Structures are given as C-alpha cells and as structure tokens.
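>>> pasting the structure only:
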Ligand SMILES: NC(=O)c1ccc[n+]([C@@H]2O[C@H](COP(=O)([O-])OP(=O)(O)OC[C@H]3O[C@@H](n4cnc5c(N)ncnc54)[C@H](O)[C@@H]3O)[C@@H](O)[C@H]2O)c1
C-alpha cells in the first residue's frame, strides 16, 4: 500500500463555506482518518490555506492543522501543492482560476465557476490546453432528500415524468430590525451576488441529473428588498434580484417551475422542496426527507367546496422513501470524487464543463428577463 500526498491550496479558507463544509467537514476529516482509500493505496491531503487577513487565516490554519499564507502567488508557485480550490467570494473567482490554471494546477471550484458562460468556456479551454484535471462543486445532489428522490426517479416508480416544481427560500432580514443573515456581497452585482447566480447553478445540475436535459427557460426577476444594512452597519443599495420565478421545458417535453426567494416566509415542509409528478405517482423531497404517493394512494378529489372546509389532510396519503442515501457529507463526497480523479484518473461527473453549464442556465434566466422571452439551453 502506498500513500499519495496531494497538496491542496484552499483559497477562501476563512469564508463560511470554505471553513465549514470544505475544511471542517471534508478535507480535515479525510486527512485525520488517515487519508482516503483509492484501490490498494491511500490519498493524503496536505492543506495550504490562503487568505488576505493573516490573523484570521493563521487562526483557521491552527484549527485545521494546516499550513497558511497570505501570498497566493507564492502558493501557486509551490509544486508541492498541485491542486487549487477556490471557495472565496464569487467576484474574484475568474481571476484566481486563470492564475491557477496558468500555474498548471488541477482546478476544483465552488459555484458559480465564472460570472458568464463565455468566460467559463474560456477557462475550460485553458484547463484543457494545460491538460490539468478539473471539477466543480455540485454538492446538492448529495443532500439526503435529493438522493432519496433520485433513487425514486431512477426506480421508474413515478412512470412518465409530467412536471416538476422547485420551491426555495426563506426570509433574509435587511439589517434594520435584525442583522442580515447573508454576506452583503450577495446583494451587489459588483460582488458577484444575486439569487440567480447564487442558487440557479444548483438547480441546473439537480434538475438535469434527475430528469434529463433542459430545452429552454423563461424567467421573471425582482428585487423585493432594495436597501440593506451591511456588516459594518452602513446602508447600501441592492442592485441584484432576490426573487425569481422560472418556467423550464425539458427535452423530454415535461415542464417545471422554480419559485425562489430570499424574501419569503416559509410554510412548507422544508427550505427547499422538489416535487415531481409522474403518470404512476408523485414524489416530493425536502433537504432531508422524501415522500411518495402512488396512484392507489392518491385521493379521489372530485371538486372543492366553497361552502365547507372538507378537512382533508393532503399530507396523510404519502409514504416516506428512505432508500438510496449515503451517510457521507455532500461536500466530502465531492472531494473524495475529485481526489480520486486527480490521483487515479477515476471519472469525475461534476467536471468544470458541468460547472459552466450551471452558469449557462443562470445566464439564460438573466437573458430571458432582459429580453422578455424564452431562451434556449441547447
Ligand atoms: N456550494 C454551496 O452550497 C455554496 C454555499 C455558499 C456559498 N458558496 C459559494 O462559495 C463562495 C463563498 O461563499 P461564502 O458564503 O462562504 O462567502 P463568505 O463571504 O463567507 O466568504 C468569502 C471568502 O472570500 C474571501 N474574500 C472576500 N472578498 C475577497 C477578495 N476580494 N479576494 C479574495 N478573497 C476574498 C473572504 O475573506 C472569505 O474567506 C461563493 O462563490 C459562493 O457562491 C457555495
């Protein structure tokens, strides 16, 4: 048995997602469990954290038993670290990925992998020209609820898929009465923010992986909360959308909707729900749970009554689906796949081109709103 050490530069290690999911829940545990099995061998991550604030990055490095620097160029020049991972703020991504590709690093990136599909394709071309390995974070497929839903769909139990519905969001405070729960860059174009760029990459790969390719989309966007208070207490203008309604037609002919908002109060089963209606049955998943209803379980509703509440519990005739779940953290699944891909050439489903397709979908939604028309996704 041999141990292959892979040096990984983690850019944005002090951020919310970099620090928690990627470091604390994926990379550090893989290393601390004596590395990742790959055939007869093991893959051992060696971590180099990069950030702008020396105090914070040193603190993160101590916490995760990692090396650290504030000098990205120095890290990129070090051949002991052949992998570059970016989980820093979105607006700086294209520039750092360009540098990392030029330095010959294997590339793994948080979403969105770029701010436009054209730029994403440029980056992909550069990656291919350097012959380095590449991957994009597509963690939501690893959510327990969506894993169960995928299992139900692939079993064929739903029959022909007729339609689907994604509902997503919760209330994000504007900072006046209650502090805002999301970083202020999420609400500015210059910061790479906006609900579409933030969430629609996820919806693209979830929908296409479960139901097949999208053909076209039409989207309406709005900004429910035009002013917010930032982390320093300063008032700023929101110049991106925080609410979106989307219709999607799949290549199969099935049509679905996404209703997403940072300005909605939740009274549904979960913060994200994904319902698929099929000829033989329906399934609905939240982040963790999934329920199905067969034709035999479906209430034989004939009409509704304006005079009397029929007192029907429409949630009663559903069966919980529990199969198909991996207990592994979704971000860790991504890292395990990517590290095996780098070390052994194992296939990487969520490669950089998948990340570019995610951006293409987000961009199509913006274009649809701007041109007030359907946009093809072919
Ligand atoms: N896959 C997911 O589920 C998921 C969830 C949240 C965020 N994200 C993505 O991860 C990235 C980070 O999001 P977050 O919520 O952790 O944000 P965050 O604001 O908590 O962290 C951003 C990080 O970027 C750094 N940073 C900010 N401006 C920078 C600049 N100009 N140059 C270099 N570094 C800079 C910050 O110091 C911090 O380390 C975003 O691209 C976001 O889209 C993905």
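Ah, there it is. Because the structure is predicted, anything quoted here is derived from the model rather than measured. Numbers count the residues shown, from 1 in each chain.

>>> three-state assignment of residue 164?
At residue 164 the chain is in strand, as set by DSSP: H, G, I helix; E, B strand; the rest coil.

>>> ok, residue 14 - contacts?
Under the criterion of Cβ atoms under 8 Å, 6 or more residues apart in numbering, the neighbours of residue 14 are 49, 51, 53, 56, 57, 59, 60. (C-beta placed from N, C-alpha, C; glycine too.)

>>> ignore the last one, residue 357
Contacts for residue 357 (Cβ under 8 Å, 6+ apart) come out as 204, 205, 208.

>>> returning to what we had before: in ChimeraX, how would I select the buried members of the contacts of residue 14?
Typed into ChimeraX, the line below selects the buried ones among the contacts of residue 14, using 16 or more other Cβ atoms under 10 Å:
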select :49,51,56,57,60
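
>>> let's have the contacts of residue 357 in a markdown table, adding secondary structure.
Conversion of these to a markdown table gives the following (three-state DSSP):
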| residue | secondary structure |
| --- | --- |
| 204 | helix |
| 205 | helix |
| 208 | helix |
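
>>> could you find the residue in the stretch 1-150 of the chain that comes nearest to the ligand?
Nearest residue of the stretch 1-150 of the chain to the ligand, counting by Cβ to the nearest ligand atom: residue 15, 2.4 Å away.

>>> hang on, that residue packs against residue 90?
No: at 10.6 Å, residue 15 does not count as touching residue 90 under the criterion of Cβ atoms under 8 Å.

>>> in the stretch 201-350 of the chain, which spans are strands?
Along the stretch 201-350 of the chain, counting by DSSP state E, counting those that start in this stretch, strands occupy 214-222, 227-229, 235-237, 243-250, 255-261, 272-278, 281-285, 290-294, 319-320.

>>> if you compare the ones you listed, which one is most tucked away?
strand 281-285 (a mean of 25; mean count of other Cβ atoms under 10 Å).

>>> and whatever residue of the stretch 201-350 of the chain ends up closest to the ligand, what is it in contact with?
Among the residues of the stretch 201-350 of the chain, residue 202 lies closest to the ligand, at 6.7 Å counting by Cβ to the nearest ligand atom. Taking Cβ under 8 Å, 6+ apart, we find residue 202 in contact with 111, 138, 140, 358.

>>> farthest-apart pair in the residues you listed, please.
140 and 358 (10.7 Å; Cβ to Cβ).

>>> mind listing the shared neighbours of those two?
Joint contacts of residue 140 and residue 358 (Cβ under 8 Å, 6+ apart) are 202, 205.

>>> and the two? which has more neighbours close in?
Under the neighbour definition other Cβ atoms under 10 Å, residue 140 and residue 358 were set side by side, and residue 358 has more, 28 against 20.

>>> pretty sure that one sits against residue 208.
No: applying Cβ under 8 Å, one finds residue 358 not in contact with residue 208, separated by 9.3 Å.

>>> contact residues of this protein facing the ligand?
With Cβ under 6 Å from any ligand atom as the criterion, the chain comes near the ligand at residues 12, 14-18, 51-52, 87-90, 92, 110-111, 137, 139, 183, 198.

>>> of those, grab the buried ones for PyMOL.
Only the buried entries of those go into this PyMOL selection, using 16+ other Cβ under 10 Å:
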select buried, resi 12+14+15+17+18+51+87+88+89+90+110+111+137+139+198
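
>>> re the thing from before, most surrounded residue in the contacts of residue 357?
The most crowded member of the contacts of residue 357, judged by other Cβ under 10 Å, is residue 204 (26 neighbours).

>>> just the helices in the protein please.
Here the chain has its helices, by DSSP state H, at 16-17, 28-32, 54-64, 72-77, 93-102, 117-130, 144-155, 195-211, 330-344, 352-371.

>>> tabulate those (TSV), appending mean pLDDT.
Output for the helices of the chain, formatted as TSV (pLDDT from 0 to 100):
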stretch	mean pLDDT
helix 16-17	94
helix 28-32	98
helix 54-64	97
helix 72-77	98
helix 93-102	98
helix 117-130	98
helix 144-155	98
helix 195-211	97
helix 330-344	97
helix 352-371	98
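
>>> for residue 232, which of those is the nearest?
In terms of Cβ to Cβ, the element of those nearest to residue 232 is helix 54-64, at 16.3 Å.

>>> roughly how far is that closest one from the heart of the chain?
Remark: helix 54-64 is offset 26 Å from the chain centroid, using Cα atoms, centre = their mean, to the nearest Å.

>>> next: stretch 111-129.
Relative to the mean C-alpha coordinate of its chain, stretch 111-129 is positioned 17 Å out (Cα atoms, centre = their mean).

>>> what of stretch 4-24?
How far stretch 4-24 lies from its chain's middle: 16 Å, per Cα atoms, centre = their mean.

>>> what residues of it count as buried?
For stretch 4-24, a neighbour-count test (16+ other Cβ under 10 Å) marks 6-15, 17-19, 21-24 as buried.

>>> swap in stretch 107-118?
Neighbour counts over stretch 107-118 (16+ other Cβ under 10 Å) mark 107, 108, 109, 110, 111, 112, 113, 114, 115, 116, 117 as buried.

>>> do the same with stretch 369-378
Using 16+ other Cβ under 10 Å as the test for burial, stretch 369-378 gives 369, 375, 377.

>>> just these now: which is nearest the ligand?
For the buried residues of stretch 369-378, with the ligand as the reference and Cβ to the nearest ligand atom as the criterion, the closest is residue 369, at 20.2 Å.

>>> not counting sequence-adjacent ones, nearest residue to the closest one?
Of all residues not flanking residue 369 in the chain, residue 221 sits nearest, at 4.7 Å (Cβ to Cβ, 6 or more residues apart in numbering).

>>> hmm, the one you found is touching residue 365, no?
Yes: shown here, residue 221 and residue 365 form a contact pair, counting by Cβ under 8 Å, at 7.4 Å.
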